[in-house]
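**Student:** Dropping the sequence and predicted coords here.
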Amino acid sequence: MVNSGEIIYNLRVKNNMSQGNLADKLNVSRQTVSKWETGVSSPDLSLIIPITKIFHISADELLGI
């Protein structure tokens, strides 16, 4: 099963976006994005919709449902 961090990583790379770019768009630190992608933590629920809008995907896709 793919976790949301792996999905975010794959989408970010596919869209030629750095961790810093994504962090800036979401108003979080680059380290926060890194923690999501490495599975140390998960995005806050309040960021799910903004992430889906950035990558033009559904919340189900982001959550691997």
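**Tutor:** Happy to help now that I have it. Predicted, not measured: the structure shown is a model, and the values here were computed from it.
**Student:** so where is this protein shaky, pLDDT-wise?
**Tutor:** By pLDDT under 70, the weakly predicted segments of the chain are 1.
**Student:** So which residues of it form helices?
**Tutor:** 4-14, 19-26, 30-38, 48-55, 59-62 (DSSP state H).
**Student:** quick one: contacts for K53?
**Tutor:** Under the criterion of C-beta atoms under 8 Å, 6 or more residues apart in numbering, K53 has no contact partners. In short, each C-beta sits where N, CA and C put it, glycine included.
**Student:** mind redoing it with 10 Å?
**Tutor:** K25 (C-beta atoms under 10 Å, 6 or more residues apart in numbering).
**Student:** What spatial separation is found between it and L47?
**Tutor:** 10 Å (C-beta to C-beta, to the nearest Å).
**Student:** T38: neighbour count?
**Tutor:** 11 (other C-beta atoms under 10 Å).
**Student:** And N3, by the same measure?
**Tutor:** Neighbour tally, N3, other C-beta under 10 Å: 14.
**Student:** Just give the nearest non-adjacent residue to it, would you?
**Tutor:** Excluding the flanking residues, the one nearest N3 by C-beta to C-beta, 6 or more residues apart in numbering is G39, at 6.1 Å.
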